[in-house]
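**Student:** one predicted model, sequence on top.
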Amino acid sequence: MGFSDYPFVTKKYGDSTTFPSHEEVLEFLNEFAVEFGLAEMIRFETEVVRVDRVDSRNDQWVVESIANDLSSNEIFDAVVVCNGHHTQPKLADFPGLDIWPGKQVHSHNYRVPEPFRDQIVVVIGSGPSAKDISREISKLAKEVHVSSRSPNLEVSKLDFADNMWQHSNIDRVDGNGEVTFEDGASVYADIIFHCTGFKYDFPFLKTGGIVTVDDNRVGPLYKHVFPPKLAPGLSFVGLPYFAAPVLAIYDLQAKWISRVLSGKISLPSEEEMLADTREYYRNMVEKGVPKHHTHSLGHEFDYADWLASRVGLQGVDERTRSIQKSYYKFLVENRGWRNREWEFSDGVQEEEFN
């Protein structure tokens, strides 16, 4: 957690926090912005509606934005797209969803558990959001049924909660509110909760088809950042997920881009970047990794280490590596559920039951 020049262990936080709350993370980011004078450089309440090259022979970019109902066009030498991958919710789809009468919500819109009090909720997903939100709303909900398409799923009542069940994928829903699972079980639910991830979406970006989003692959991008044909004038920060460690990776991506744009380091040729990207795609095919996982880094450290080497910094430190590996081992042993508290202290894992 934290950035290379502004670690999370600062001021009021004292010792590092393994699982800081979202309030703590927000406060940390606000303090970071204040520390480096970023707030006055941000145009708040301004929507970017178009990013386009001035013309095909010009490396400059026109950025059209709207603020206070007024539109403006400005010319820039480079554009860095930083809206990440948590902007456009992706919803599950199965037969009968168009006639199902209950409520639907996506984790993108979740804030507090109170709206789920006394409700029967079906949560779709098997990632961290599904697991954490299910646990949180179960304290108020009447029943929580978690649906997952994981092939190694054990269909059962969850032993750490009186009102939670694990199911396989949803087979269908119908107009009377019934949700039927592929394992044969069914439940009459009030709410279907989609913890099903996000789609990459850049409606403002006009590249004439040079950069596309195909089955959630943004590309072609060299190292998930630079489109070879448009580099260095166009770049992306924040596309990777299941990245280790995530904030450090975004920090390193930004440092790499800034050094390239300032002329301190150079990129390979367009041909070399494209060849490297195609090789990455070929390796995915050989390993059986689907296209929509192009930007999933699988909790490995190689990418962060590579970025660090580009900008003259050390790679991921050994303590962080040990923490990450120990935590993911802990998750696997508990089938992804954080039904026990976990801390990492001086290389020793400490657990306490709730």
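**Tutor:** Now that the structure is in, tell me what you want to look at.

**Student:** so who does Lys229 touch?
**Tutor:** Counting by CB atoms under 8 Å, 6 or more residues apart in numbering, Lys229 touches Ile210, Glu270, Leu274. Placement of C-beta: from N, CA and C, glycine included.

**Student:** 7 Å instead, please
**Tutor:** Listed by CB atoms under 7 Å, 6 or more residues apart in numbering, the contact set of Lys229 reads Ile210, Glu270.

**Student:** quick check: it is in a helix.
**Tutor:** No - read with DSSP: H, G, I helix; E, B strand; the rest coil, Lys229 is coil and lies in no helix.

**Student:** my read: Gly102 touches Ile191, true?
**Tutor:** Yes - Gly102 is within contact range of Ile191, at 5.9 Å (criterion: CB atoms under 7 Å).

**Student:** chain center to stretch 249-269, what's the gap?
**Tutor:** Centroid displacement of stretch 249-269 relative to its chain, using CA atoms, centre = their mean, to the nearest Å, is 22 Å.

**Student:** average pLDDT across it?
**Tutor:** The pLDDT scores in stretch 249-269 average 97.

**Student:** what residues sit buried inside it?
**Tutor:** Within stretch 249-269, the residues that count as buried by 16 or more other CB atoms under 10 Å are Ile249, Tyr250, Asp251, Leu252, Gln253, Ala254, Lys255, Trp256, Ile257, Val260, Leu267.

**Student:** in a strand, the first one, correct?
**Tutor:** No - secondary structure of Ile249, determined by three-state DSSP: helix, with no strand assignment.

**Student:** report the contact partners of it.
**Tutor:** Contacts of Ile249 by CB under 7 Å, 6+ apart are Pro240, Ala243, Tyr303, Ala304, Leu307.

**Student:** now do it against Ser150, distance only.
**Tutor:** For Ile249, the distance to Ser150 equals 26 Å [CB to CB, to the nearest Å].

**Student:** in the stretch 151-300 of the chain, which spans are helices?
**Tutor:** 246-261, 270-287 (DSSP state H, counting those that start in this stretch).

**Student:** quick one: the ones you listed as TSV, columns for distance to His145 too.
**Tutor:** As requested, those are arranged in TSV below (distance: least, CB to CB, whole Å):
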stretch	distance to His145
helix 246-261	30
helix 270-287	33
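
**Student:** which of these sits closest to Asp77?
**Tutor:** Smallest distance to Asp77 across these (CB to CB): 7.9 Å, for helix 246-261.

**Student:** give me the number of residues near Leu158?
**Tutor:** The number of residues packed near Leu158 is 19, by other CB atoms under 10 Å.

**Student:** roughly how far apart are it and Ile42?
**Tutor:** Counting by CB to CB, the gap from Leu158 to Ile42 is 43 Å.

**Student:** and Tyr303, by the same measure?
**Tutor:** Noted for Tyr303: a distance of 27 Å to Ile42, by CB to CB.

**Student:** Phe94 now?
**Tutor:** Phe94 is 41 Å from Ile42, by CB to CB.

**Student:** next up, the contacts around Val225.
**Tutor:** Ser235, Phe236, Gln253, Trp256, Ile257.

**Student:** which of the residues you listed sit farthest apart?
**Tutor:** Checked with CB to CB, the contacts of Val225 reach their widest spread between Phe236 and Trp256, with 11.5 Å between them.

**Student:** returning to that earlier point: got CSV for the contacts of Ile249, with neighbour count and distance to Ala33 too?
**Tutor:** Listed next are those as CSV, based on neighbours: other CB atoms under 10 Å; distance: CB to CB, whole Å:
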residue, neighbour count, distance to Ala33
Pro240, 23, 22
Ala243, 22, 22
Tyr303, 19, 26
Ala304, 24, 23
Leu307, 23, 22
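
**Student:** closest one of those to Gln166?
**Tutor:** Ala243 (27.1 Å).

**Student:** looks like that closest one contacts His295 (just checking).
**Tutor:** No - using CB under 7 Å as the test, Ala243 is too far from His295 to be in contact (8.6 Å).

**Student:** A strand includes Asn58, no?
**Tutor:** No - counting by three-state DSSP, Asn58 falls outside a strand, being coil.

**Student:** distance of it from Leu234?
**Tutor:** Taken as CB to CB, the span from Asn58 to Leu234 is 13 Å.

**Student:** Glu35 now?
**Tutor:** According to CB to CB, Glu35 stands 29 Å off from Leu234.

**Student:** among the two, which residue is more densely surrounded?
**Tutor:** The neighbour comparison of Glu35 against Leu234 (other CB under 10 Å) goes to Leu234, with 23 against 11.

**Student:** residues contacting that one?
**Tutor:** With contact set as CB under 7 Å, 6+ apart, Leu234 has these partners: Val79, Pro227.

**Student:** ok, now how distant is Pro203 from Asp55?
**Tutor:** Taking CB to CB, one finds Pro203 at 22 Å from Asp55.

**Student:** distance between stretch 306-325 and the chain's centre?
**Tutor:** Relative to the centre of its chain, stretch 306-325 is centred 20 Å away, using CA atoms, centre = their mean.

**Student:** got it, and stretch 115-128?
**Tutor:** Distance, centroid of stretch 115-128 to centroid of chain: 20 Å (CA atoms, centre = their mean).

**Student:** could I have that stretch exported to PDB, CA atoms only?
**Tutor:** The C-alpha trace of stretch 115-128 is given here as PDB (Å, rounded to 0.1, in the frame of the first residue of the first chain):
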ATOM      1  CA  PRO A 115     -30.700  -1.400   2.200                       C
ATOM      2  CA  PHE A 116     -30.300  -5.200   2.400                       C
ATOM      3  CA  ARG A 117     -31.900  -5.500   5.800                       C
ATOM      4  CA  ASP A 118     -34.300  -8.500   6.000                       C
ATOM      5  CA  GLN A 119     -33.900  -9.200   2.300                       C
ATOM      6  CA  ILE A 120     -33.100 -12.500   0.500                       C
ATOM      7  CA  VAL A 121     -30.100 -11.600  -1.700                       C
ATOM      8  CA  VAL A 122     -28.300 -13.600  -4.400                       C
ATOM      9  CA  VAL A 123     -24.700 -12.400  -4.900                       C
ATOM     10  CA  ILE A 124     -23.100 -13.300  -8.200                       C
ATOM     11  CA  GLY A 125     -19.300 -13.600  -8.200                       C
ATOM     12  CA  SER A 126     -16.300 -15.200  -6.500                       C
ATOM     13  CA  GLY A 127     -13.800 -12.400  -6.300                       C
ATOM     14  CA  PRO A 128     -12.900 -10.100  -3.400                       C
END
